[in-house]
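In: sequence and computational prediction follow.
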Amino acid sequence: MNVCVFVSGRGSNMEAIYSRLKKSKAGKLALVVSDRHCPALEKAKKLGVWTERVEPKSFSSEKEYSLNLSSLMKEHGIDLICLAGFLSRLPGDFVSGYHGKIINIHPSLLPAFGGSGFYGQ
């Protein structure tokens, strides 16, 4: 199974996922996606995991953003997407296209605690 982890922060959950997958041989961490420059990207690179920085604001529309994310998932043969502290809103088209293949391991009380510039604010 090829796993993609979406991150926005330090990457401690991403590292734990990487270690568990490596130990169990149930799959591999094939891709780490972030919506901003963050320590998690550097950690993933050091682990030898392919990384992509995909900032929603750099796309002209939500549809274009969704198509870019979907293309990345297909390019890397992603079977499961894990949201590990990802702070941006994912487009509905993208989420629908991966129904049953996205899990969120880092829940937050959004939009109440998103903070300025984050989802819900």
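Out: Sure thing, it's come through.
In: hey, let's count contacts and neighbours off CA atoms from now on
Out: OK.
In: for this protein, just list every one of the helices.
Out: Here the chain has its helices, by DSSP state H, at 12-24, 39-46, 62-75, 92-97.
In: which residues touch the shortest one?
Out: Outside helix 92-97, the residues within contact range by Cα atoms under 8 Å, 6 or more residues apart in numbering are K63, S66, L67, L69, S70, I102.
In: buried only: go through these for me.
Out: Among the contacts of helix 92-97, those classed as buried by 16 or more other Cα atoms under 10 Å are S66, L69, S70, I102.
In: so where's the protein uncertain?
Out: 107-121 (pLDDT under 70).
In: how close does K63 get to V33?
Out: 18 Å (Cα to Cα, to the nearest Å).
In: ok, now V54?
Out: When V54 is compared with V33 (using Cα to Cα), they lie 7 Å apart.
In: and these two? Which one has more around it.
Out: Comparing V54 with V33 by other Cα atoms under 10 Å, the one with more neighbours is V33, at 25 against 17.
In: quick check: beta-bridge partners of the more buried one?
Out: When bridges are called by DSSP bridges, V33 pairs up with F6, E52.
In: does it touch T51 like I think?
Out: Yes - V33 lies in contact with T51 (Cα atoms under 8 Å); the separation is 5.9 Å.
In: contacting residues for L83?
Out: Contacts of L83 by Cα under 8 Å, 6+ apart are V5, F6, V7, I102, I103, N104, I105, H106.
In: no further questions, thank you.
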